[in-house]
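Peer 1: no sequence for this one, just the structure:
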């Protein structure tokens with residue numbers, strides 16, 4: 001009986017297993033038929049795309065273009081893009097405008113290297129530019145590109161023109177030279193024995209004396225003393241200056257101004273501001289004209305750095321590129337002739353206007369001239385530490401005296417209350 005019971009139980013278990021397998025098989029067949037039917041329906045509704053009908057990458061046909069622009073750098077942290085750090089820069093605003101206008105891949109906004117983005121010159125914080133050039137990949141044959149980008153750019157940045165350039169064009173290495181302007185009040189050249197005021201006016205001998213000093217910078221020299229991180233006779237510190245001249249003075253808003261123009265192959269960090277600072281110190285009588293030759297030598301000399309407010313990049317020159325590719329029938333010359341009037345209006349209405357109004361309100365040149373006598377211009381070895389220099393000691397004394405005066409003022413205020 002036990003054996004009969006076991007046989008019946010085993011038979012029942014095997015029967016249930018077969019039923020389950022048959023049910024599962026039926027379910028799988030149903031699902032397979034549904035999938036087959038769905039696939040046949042999709043194939044009937046959406047026929048396969050041909051090679052020409054496949055969606056093409058929108059930015060594949062973009063070509064290397066040169067963008068010619070002007071900007072006022074007063075409210076920006078320099079030219080170079082610093083979006084990752086949350087800083088407001090010229091490149092950041094420009095790329096944002098290209099993105100909003102729909103002219104670049106959104107991915108290029110945070111990765112401009114994918115668009116082969118390159119600037120002709122990097123400007124520091126507060127420095128403006130009248131004829132700057134940047135290059136990147138952009139759509140070709142879009143007649144409204146300039147207008148659409150300017151419609152979303154801030155008023156202190158203007159795109160003037162976009163021209164087709166060669167595939168391997170690099171606006172930094174292709175530049176032959178760069179011209180800068182420096183707008184300054186003429187009282188910066190007043191003798192150190194005179195009382196400085198906005199009513200001071202220069203004469204012909206003053207401008208002549210300034211130009212006599214500026215001429216000493218012409219040619220090739222080692223400018224290691226006019227920047228940071230360079231040793232004497234270091235090859236990378238040797239630069240060539242083509243022009244350096246101070247123009248005739250003019251009056252604007254009750255102050256007399258003059259415009260200094262310098263053209264060189266390339267410039268290092270702070271080089272122009274230190275060259276102008278040294279020239280002003282010599283003209284004012286704080287040091288001798290022979291000091292310039294010493295700055296090209298082996299000694300380390302403390303050179304005053306003029307305020308950055310008046311510095312403007314006027315133009316980046318591409319003479320060799322224009323001569324080689326400008327008339328090949330495929331590319332255009334990097335010429336500003338067609339937009340010269342726009343650049344002039346931007347210079348007068350935006351850049352120079354901002355410099356003059358900011359100088360009048362902040363008096364940056366007055367403040368700089370007040371600390372100019374602290375500079376001793378004494379040579380020392382490059383390995384010497386400058387923390388114990390006379391200039392540093394004077395700064396520490398002034399800082400200490402200011403704290404003392406501030407503390408006494410607070411005590412007097414407490415007594416009055």
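Peer 2: Sure, I can see it. Note that the coordinates shown come from a computational prediction; the quantities given were computed from them, not determined experimentally.
Peer 1: Tell me how far the residue nearest in space to the middle of the chain lies from residue 156.
Peer 2: The centroid of the chain falls nearest to residue 79 when counting by CA atoms, centre = their mean (1.2 Å). Distance of residue 79 to residue 156, given as CB to CB, to the nearest Å: 13 Å. All C-beta spots, glycine's among them, are computed from the backbone N, C-alpha and C.
Peer 1: Likewise for residue 364?
Peer 2: Counting by CB to CB, the gap from residue 364 to residue 156 is 19 Å.
Peer 1: again, but for residue 193
Peer 2: From residue 193 to residue 156 the distance is 40 Å (CB to CB).
Peer 1: So between these two, which is more surrounded?
Peer 2: Neighbours per residue, other CB atoms under 10 Å: of residue 193 and residue 156, the larger number sits with residue 156, 19 against 7.
Peer 1: what about residue 298, is that helix, strand or coil?
Peer 2: Look at residue 298: counting by DSSP: H, G, I helix; E, B strand; the rest coil, its state is coil.
Peer 1: Could you tell me the average pLDDT over stretch 364-382, please?
Peer 2: Averaged across stretch 364-382, the pLDDT comes to 87.
Peer 1: Test my guess that residue 215 contacts residue 246.
Peer 2: No - contact criterion CB atoms under 8 Å: residue 215 and residue 246 do not qualify, at 10.5 Å.
Peer 1: Between those two, which has more neighbouring residues?
Peer 2: Neighbour comparison, residue 215 and residue 246: the larger count goes to residue 246, with 26 against 12 (by other CB under 10 Å).
Peer 1: which residues touch that one?
Peer 2: Taking CB atoms under 8 Å, 6 or more residues apart in numbering, we find residue 246 in contact with 207, 210-211, 214, 258-261.
Peer 1: before we move on, the earlier item: ok, the residue nearest to the centre of the chain to residue 303 distance?
Peer 2: 24 Å.
Peer 1: same thing with residue 218?
Peer 2: 18 Å.
Peer 1: Between those two, point out the one with more neighbours.
Peer 2: residue 303 (21 against 15).
Peer 1: Can you get me a residue count around the closest residue to that one other than its chain neighbours?
Peer 2: Among residues not flanking residue 303 along the chain, residue 274 sits closest, at 4.7 Å (CB to CB, 6 or more residues apart in numbering). A count of nearby residues for residue 274, using other CB under 10 Å, gives 21.
Peer 1: go on, residue 213?
Peer 2: By other CB under 10 Å, 20 other residues sit near residue 213.
Peer 1: Quick check, it in contact with residue 281.
Peer 2: No - at 9.7 Å, residue 213 does not count as touching residue 281 under the criterion of CB under 8 Å.
Peer 1: list the contacts for residue 177?
Peer 2: Contacts for residue 177 were tallied using CB under 8 Å, 6+ apart; they are 242, 263-266, 316-317, 319.
Peer 1: Dihedrals phi and psi, the nearest residue to it once chain neighbours are set aside?
Peer 2: Excluding the flanking residues, the one nearest residue 177 by CB to CB, 6+ apart is residue 317, at 4.4 Å. Dihedral pair for residue 317: phi -100, psi 140, per degrees, to the nearest 10.
Peer 1: May I have the residues that are in contact with residue 317?
Peer 2: 175-179.
Peer 1: Also residue 69?
Peer 2: The contact partners of residue 69, taken as CB under 8 Å, 6+ apart, are 94, 129, 132-134, 157-160.
Peer 1: Any idea how many residues pack against residue 90?
Peer 2: Close neighbours of residue 90, defined as other CB under 10 Å, add up to 27.
Peer 1: actually residue 105, not the one I typed
Peer 2: 16.
Peer 1: ok, which stretches of the stretch 151-300 of the chain are helices?
Peer 2: 204-214, 271-284, 291-295 (DSSP state H, counting those that start in this stretch).
Peer 1: Please identify the most buried of the ones you listed.
Peer 2: helix 271-284 (a mean of 24; mean count of other CB atoms under 10 Å).
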